[in-house]
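Chemist: Below is the structure, and that's it, no one-letter string:
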């Protein structure tokens, strides 16, 4: 066991634990903050593996993303301090979420583990990885990359429309907001 | 200097040096702000503490902050509330550790140091957001929302301006960028420099971009509920931010250690240039009124982002036409 192994295990445990806390906590803002810890320590895992640029970009991109996430959480739920019954999920939704999450994990694991289990990287002889990453992202993978960003945009617009409709259905004063949201969808 | 130290001793010494710089430079900038602002407004500023022109005023302020009671509001989210000042402060310490004063005088050598600085500066704003939400105070929450919106708008032009310099130098390392600098960059990278300075001011929430603090309408934004040492940490984070941004500007756009007698006093040049930028930051605070929230967003998206993209384009043309 080298120092690197120990650091990697430590960072991995932090990543996994904070990810778990992020989906189990009942405070919506706490969930976002735990997600930040999780993504940040994932950046640490990249650093330990010698992929400095990937780790730093992970930090740069996801910190901004978490800020936007917290903003949306605050605006859409009025994010109270402490647990709140109005924005709590029923048990069947939690069960369905757990099943879906487990299924996705199993799918990814069954795909990635056989593919990468034999791969080794020599960390003591660092290669110039930045140009290789640039070529991969803007050459080979440019279309999936762009498609993903459109998908995220669609998800964002969808989340906004859904939450505005649900929160204001019985509130006559906010009818305008509902109509506007529907207008956006048309 | 061919002094060889044991690796652990070197690490400890470097960390200590960075910590000392982190504690001294912000105080220096703070004191300069007191005096420069006072003289611009026809006042004297602090004159008594410490004797000579009130040099110990900020030390006295620090002692005052330590003595004050540390209050956590009853309905606040305790853990998040108490953690927030540190989340706001630590990133600047990390950023300062990788900013080189000269190729040799640098806390830690990192290959992609400019990305590291940009990434950790973004983390600092999470501290403000945490503080604002956890205070359970509407003014605080409004301030935090404004701060976050400001970060989201101004981080893009800032990253683009830095990307332009990195493209011109062909490297992501601050030392490499500083070494590649030549006086022509003052002209070639001018739009990028303007964009960077304006976005840096906005990221620091300094006037004229202090809408998240706007004391005349939302008390003191996200920091309204803070007292004592925790409040002092937020103030320290602001001034450490000025130090980090000024040094970064000096290295990226003003050539850092380039100057007469460079091999010996290069680090002095970086410090002097950074100090000059810090004075400009103070000057802007004294001479500009606060911008309204919508004007602030408009400036970022209508002016700065297109300017940064334009800069990126002329940098790309320059790199292709005049290969080094």
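Modeler: All right, it came through fine. As the structure is a computational prediction, the values presented were derived from the model and not from experiment.
Chemist: Burial check on residue 73, number of neighbours?
Modeler: Just so you know, I chose chain A. 18 (other CB atoms under 10 Å in any protein chain shown). No exception for glycine: its C-beta is placed from N, CA and C like everyone else's.
Chemist: that answer is for a different chain, and I need it for chain B
Modeler: Counted with other CB under 10 Å, residues neighbouring residue B:73 total 16.
Chemist: got the contact list for the lowest-mean-pLDDT helix or strand in chain B?
Modeler: Ranked by mean pLDDT, DSSP states H and E, the helix or strand of chain B with the weakest confidence is helix B:215-218, at a mean of 78. Contact with helix B:215-218 is made by B:139, B:142, B:143, B:224, as judged by CB atoms under 8 Å, 6 or more residues apart in numbering or on different chains.
Chemist: ok, now with 10 Å
Modeler: Residues outside helix B:215-218 that contact it (CB atoms under 10 Å, 6 or more residues apart in numbering or on different chains): B:137-143, B:146, B:211-212, B:221, B:224, B:290.
Chemist: After that helix, which helix or strand is next? Please name it.
Modeler: Sequence-wise, the next helix or strand downstream of helix B:215-218 (DSSP states H and E) is helix B:228-253.
Chemist: which parts of that next one are buried?
Modeler: Of the residues in helix B:228-253, those with enough neighbours to count as buried (16 or more other CB atoms under 10 Å in any protein chain shown) are B:230-253.
Chemist: So which bits of chain A are right by chain B?
Modeler: When proximity is defined as CB under 10 Å from any CB of the partner chain, chain A approaches chain B at A:27, A:29-30, A:32-33, A:36, A:40, A:43, A:47, A:52-68, A:70-71, A:73-75, A:78-82, A:126, A:128-130.
Chemist: From those residues, keep the buried residues only.
Modeler: When those are checked for burial by 16+ other CB under 10 Å, the buried set is A:27, A:29-30, A:32-33, A:36, A:40, A:43, A:47, A:52-60, A:62-67, A:70-71, A:73-74, A:79, A:81, A:130.
Chemist: quick check: mean pLDDT across stretch B:104-117?
Modeler: For stretch B:104-117, the mean per-residue pLDDT is 80.
Chemist: any idea how far it is from the chain center?
Modeler: Remark: stretch B:104-117 is offset 16 Å from the chain centroid, using CA atoms, centre = their mean, to the nearest Å.
Chemist: buried ones in that stretch?
Modeler: Under the neighbour-count criterion of 16+ other CB under 10 Å, stretch B:104-117 has B:106, B:107, B:110, B:111, B:112, B:113, B:114, B:115, B:116, B:117 buried.
Chemist: before we move on, the earlier item: so of the buried ones among the residues of chain A next to chain B, which ones are in helices?
Modeler: Within those, residues falling in helices by DSSP state H are A:29-30, A:32-33, A:36, A:40, A:43, A:47, A:52-60, A:62-67, A:70-71, A:73-74, A:130.
Chemist: Excluding chain neighbours, what is closest to the residue most central in space within chain A?
Modeler: Among the residues of chain A, residue A:35 comes closest to the average C-alpha position under CA atoms, centre = their mean, at 7.0 Å. Spatial nearest neighbour of residue A:35, excluding adjacent residues (CB to CB, 6 or more residues apart in numbering or on different chains): residue A:22 at 4.5 Å.
Chemist: contacts for the helix or strand harbouring the one you found?
Modeler: Taking DSSP H and E as the criterion, residue A:22 maps to helix A:3-24. Helix A:3-24 is contacted by residues A:1-2, A:30-50, A:94, A:97-98, A:101, A:123-124 when judged by CB under 10 Å, 6+ apart.
Chemist: Flag the shaky bits of chain B, pLDDT-wise.
Modeler: Low-confidence segments of chain B (pLDDT under 70): B:1-4, B:324.
Chemist: residue boundaries of the strands in it?
Modeler: With DSSP state E as the criterion, chain B has no strands.
Chemist: how about the helices in the stretch 1-150 of chain B?
Modeler: Using DSSP state H, counting those that start in this stretch, the helices of the stretch 1-150 of chain B run over B:7-40, B:57-67, B:78-98, B:113-134, B:138-169.
Chemist: which one of these is the most hemmed in?
Modeler: Comparing those by mean neighbour count (mean count of other CB atoms under 10 Å in any protein chain shown), helix B:113-134 ranks first with a mean of 26.
Chemist: anything in that helix near chain A?
Modeler: Yes: residues of helix B:113-134 contacting chain A under CB under 10 Å from any CB: B:113-126, B:128-130, B:132-134.
Chemist: Tell me what angle that helix forms with helix B:78-98.
Modeler: Interaxial angle, helix B:113-134 versus helix B:78-98 (axes from the mean of the first three to the mean of the last three CA atoms, to 10 degrees): 160 degrees.
Chemist: residue ranges with poor pLDDT in chain A?
Modeler: For chain A, the ranges with pLDDT under 70 are A:1, A:78-87, A:124-128, A:165-186.
Chemist: Endpoints of stretch A:71-90, how far apart?
Modeler: 24 Å (CA to CA, to the nearest Å).
Chemist: And for residue A:36, nearest residue in space, chain neighbours not counted?
Modeler: Distances taken as CB to CB, 6+ apart place residue A:66 nearest to residue A:36, at 4.6 Å, with adjacent residues excluded.
Chemist: Please look at the one you found and residue B:87 and confirm they touch.
Modeler: No: applying CB atoms under 10 Å, one finds residue A:66 not in contact with residue B:87, separated by 11.9 Å.
Chemist: Overlap of the contact sets of those two?
Modeler: The contact sets of residue A:66 and residue B:87 overlap at A:33, A:36, B:123, B:125, B:126, B:129 (CB under 10 Å, 6+ apart).
Chemist: Quick check: the last one vs residue B:138, distance?
Modeler: Here the criterion is CB to CB, to the nearest Å. By it, residue B:129 lies 15 Å from residue B:138.
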